[in-house]
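Just a sequence and a predicted model for now, questions to come.
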2 protein chains.
Amino acid sequence: MSAFDVQKMATLGEAAPNPRPSQSPCSACKIRHLTVCAPLEESELHQVAAITHSVELGPGDPLFDEGEPANNVYNVTAGTMKVYKLLSDGRRQVTGFLFPGDFLGLANNDIYAYSAEAVSHSTLCRFPRRKLEGLLEQFPKMEKRLLGMASHELAAAQEQMLVLGRKTAKEKVATFLLALSRRAEERGQPADPVTLAMSRADIGDYLGLTTETVSRTFTQLRGSGLIALQQGGKVELRDREALQDISEGG
Amino acid sequence: MSAFDVQKMATLGEAAPNPRPSQSPCSACKIRHLTVCAPLEESELHQVAAITHSVELGPGDPLFDEGEPANNVYNVTAGTMKVYKLLSDGRRQVTGFLFPGDFLGLANNDIYAYSAEAVSHSTLCRFPRRKLEGLLEQFPKMEKRLLGMASHELAAAQEQMLVLGRKTAKEKVATFLLALSRRAEERGQPADPVTLAMSRADIGDYLGLTTETVSRTFTQLRGSGLIALQQGGKVELRDREALQDISEGG
DNA sequence: TCGTCCCATTGACGTATATCAACGCCAATT
DNA sequence: AATTGGCGTTGATATACGTCAATGGGACGA
C-alpha cells in the first residue's frame, strides 16, 4: 500500500488534517488563461497572480471535505476532479466532474457544501477567499463573470436533476457519454473517442446507479453497436444520433 | 396518461402564445422588500421601481416555457411557483418550488432552460433583462447579491441531486417535508403544520417518484405517527427528530 | 515469475418502486 | 339532487435496477 493510500484512509476514518498538496505561486502566464480572468485586461492580470497559488493533486487525493471552512476557491487548470456529497451510511452522490477551466469552492455560507477529490492527476489554481473578495470589489467585471459561471453551473445541475429523477439507466449513460464528449470538444480535445478518466463506481455515483448497472449498460450499448470500448478507458461513440435519441427518451 | 396531461403537452407542442397575465407597475413600497434589493439604499430604490412590473398568476398559469427567449427575470412576491423540465414523452422533473423572495429566470444563454408555472395564486415582480443589466452595471452590490443567491440555489440543487440519486422514497419524503418546514419558517410562516400548496403529482415529479408512491409514503409515515395529515393540505410534523433521522438515511 | 489488489464484467436472485386499475371524496356545474 | 372531473388513496402485479457472488484481467510490488 502506498503512502498515498494510507493518507487517504486516515482522512476517511478520523477528521484528519488537510493533506498538504504541493504548492507554488501561479505564474501570470497561466493566470491569463483562467476562466474567471477572461474579462480582465493584460495590465490587471498581475494583481490576480499576486494572490494565487498552484496546487497539484494525484489520483484520489482530496482537495477539501464537506463541512470544512471554505477558505479557498479553485480553478482547475489540468486533469479531472470530482465533487460529491455523502450520506452517513456511505451512500455517495457525485454532483459533478470538473475539467480544466471549471471553478469550484464557491460557498454561500462559509462552509464547503461538498467534498472535492482528484480523479486523475490534476493541477488547480487556488484563490484565498478573502483576497479574492477584494479583487472582485476592484473588478466588477470579474464578479459578473463569476455570476455567469454560477448560472451555467446551475443550469447544468437542473439538467442533472432531470437525469437523476426521470431517466432510465440506458438514457442516463447515453446522456453522460454525450455530455462528456461535448465537454471534451469545448476544451479542444477529441470528442471521439471520449476518455473516461473516472471509474465505473464514480459514474454510477454520478448517475444514481450501481457500478454493476453502469457496466451492464455499457455492455448493452456495445452490443447494439452504439459504442465501442477501447483501451485506456476510451469510448468510441459509433452512432451519436442513436445515442442522442436514447438520451432524450426517444 | 390522463386527459389533463395530454392537454398540457399540447400546449407545449405548439409554440402557444404567452398568457397575458395582469400587469401593473411595481410600487416602490414593495420593491423595497425584494430580495435582490436588500443591499440598496433607500434613495436607489426608485430606480429599480422604474423598470419593474407586477405580474399576477392563478393556479396552473404558465409564466414562461423552456426554450423561450429569456427576456425577463422575476422575483416571487406572493404564492408558490414551480419550475420544471420535460422529456419528449412527457416525463417531468420539477427542479424547484419557489416562494416569496425567490428569484427565477436567470439564464446564461438567452433561452429559458426550464418552464415556470404557478402552483397557487401568485404575484411576481418582473425585471426586463436588458434594463436590469443596466441597473446591475450601476449597482455592483446588486450583482453581488445575485451571485450570492445563485450560489445558494446551486447548493440547493446539489442537495437535491443527493436526494434524487441516492435516497429511498421514505427518505425523500422526509427530506422534503423538513425542507418545506424550514423554508416556511424562514419566511416567518408557521413551520408546523406545513402547508403543501402543491399536488402529490408535483411532489412526485420533484422527488423522482410517482404520485402513488408519494401517497403510500405519506400513509406509511402517518401510520408510524411521524406526521398527521390535516385539512387543506396541511401536514403536522409530529416527530421532527425521527423525520430528521430518516431523511439522513439513519 | 508469482502473488496481490483493484477494477470491470457477468450471472443469479431479490426488492423497491412503477404500472395498471379501482374507488371514494370533494368542489364545481347543471 | 344528480353529474362530472380532478385528486388522493389503496390494491394487485410487473419490472428495472440493486444486491450478492464469482470470475478474469491488468498494474504493481515482492
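Received, thanks.

wait, what's in contact with residue A:85?
Each residue near residue A:85 by C-beta atoms under 8 Å, 6 or more residues apart in numbering or on different chains is listed here: A:66, A:92-93, A:95, A:113-115, B:158-159, B:161-162. The way it works is simple: take the backbone N, C-alpha and C, and place the C-beta from them, glycine included.

just checking, it is part of a strand?
Yes - residue state for residue A:85 (DSSP: H, G, I helix; E, B strand; the rest coil) corresponds to a strand.

any idea how far the most centrally placed residue in chain A is from DNA strand C?
Nearest to the mean C-alpha position of chain A, by C-alpha atoms, centre = their mean, lies residue A:98 at 1.7 Å. Distance from residue A:98 to DNA strand C, counting by C-beta to the nearest atom of the strand, to the nearest Å: 18 Å.

Write a ChimeraX command that selects only the buried members of the contacts of residue A:85.
Typed into ChimeraX, the line below selects the buried ones among the contacts of residue A:85, using 16 or more other C-beta atoms under 10 Å in any protein chain shown:
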select /A:92,93,95,113,114,115 /B:158,159,161,162
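
Quick check: closest non-adjacent residue to residue A:142.
residue A:136 (5.6 Å; C-beta to C-beta, 6 or more residues apart in numbering or on different chains).

in chain A, which spans are strands?
With DSSP state E as the criterion, chain A has strands at A:22-25, A:53-57, A:62-64, A:72-78, A:81-86, A:92-98, A:103-104, A:115-118, A:122-128, A:194-195, A:227-229, A:234-237.

Turn the ones you listed into JSON lines, including mean pLDDT.
Formatted as JSON lines, these follow (pLDDT from 0 to 100):
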{"stretch": "strand A:22-25", "mean pLDDT": "58"}
{"stretch": "strand A:53-57", "mean pLDDT": "95"}
{"stretch": "strand A:62-64", "mean pLDDT": "97"}
{"stretch": "strand A:72-78", "mean pLDDT": "95"}
{"stretch": "strand A:81-86", "mean pLDDT": "98"}
{"stretch": "strand A:92-98", "mean pLDDT": "98"}
{"stretch": "strand A:103-104", "mean pLDDT": "94"}
{"stretch": "strand A:115-118", "mean pLDDT": "98"}
{"stretch": "strand A:122-128", "mean pLDDT": "95"}
{"stretch": "strand A:194-195", "mean pLDDT": "97"}
{"stretch": "strand A:227-229", "mean pLDDT": "98"}
{"stretch": "strand A:234-237", "mean pLDDT": "98"}
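
give me the low-pLDDT residue ranges for chain A?
Scanning chain A for pLDDT under 70 picks out A:1-25, A:28-29.

near DNA strand C, which residues of it?
A:1, A:199-201, A:211-212, A:214-216, A:218-219, A:229, A:233 (C-beta under 7 Å from any atom of the strand).

Just want the residue of chain A that's nearest DNA strand D.
Going by C-beta to the nearest atom of the strand, DNA strand D is nearest to residue A:213 of chain A, at 3.0 Å.

Hmm, residue A:169 and that residue touching each other?
Yes - counting by C-beta atoms under 8 Å, residue A:213 touches residue A:169, with 5.3 Å between them.

In chain A, where's the longest helix?
Ranked by number of residues, the top helix in chain A under DSSP state H is helix A:140-166.

do that helix and DNA strand D meet?
No - applying C-beta under 7 Å from any atom of the strand, one finds helix A:140-166 separated from DNA strand D by no less than 10.1 Å.

Would you pull up how far that helix lies from the middle of the chain?
Its chain's C-alpha centre and that of helix A:140-166 lie 13 Å apart, by C-alpha atoms, centre = their mean, to the nearest Å.

between that helix and strand A:72-78, what angle do the directions make?
For helix A:140-166 against strand A:72-78, the angle by axes from the mean of the first three to the mean of the last three C-alpha atoms, to 10 degrees is 80 degrees.

quick one, helix A:140-166 and strand A:92-98 angle?
140 degrees.

and helix A:140-166, what does it pack onto?
Contact partners of helix A:140-166 among helices and strands, from 3 or more C-beta pairs under 8 Å, 6 or more residues apart in numbering or on different chains; DSSP states H and E: strand A:92-98, strand A:103-104, helix A:129-138, helix A:169-186, strand B:81-86, strand B:92-98, helix B:140-166, helix B:200-207.

contacting residues around residue A:184?
Per C-beta under 8 Å, 6+ apart, neighbours of residue A:184: A:99, A:190-191, A:194-195.

quick one: the spatially closest residue to residue A:153 that is not a sequence neighbour and residue A:232, what's the gap?
Leaving aside its chain neighbours, residue A:153 sits nearest to residue B:154 (5.8 Å; criterion: C-beta to C-beta, 6+ apart). From residue B:154 across to residue A:232, the span is 33 Å (C-beta to C-beta, to the nearest Å).

okay, these two: which has more neighbours?
Set residue B:154 next to residue A:232 and count neighbours by other C-beta atoms under 10 Å in any protein chain shown: residue B:154 wins out with 22 against 8.

Do I have it right that that one meets residue A:106?
Yes - here residue B:154 reaches residue A:106: they are 7.3 Å apart, a contact under C-beta under 8 Å.

quick one: common contacting residues for the two?
When contacts are counted by C-beta under 8 Å, 6+ apart, residue B:154 and residue A:106 are jointly contacted by residue A:150.
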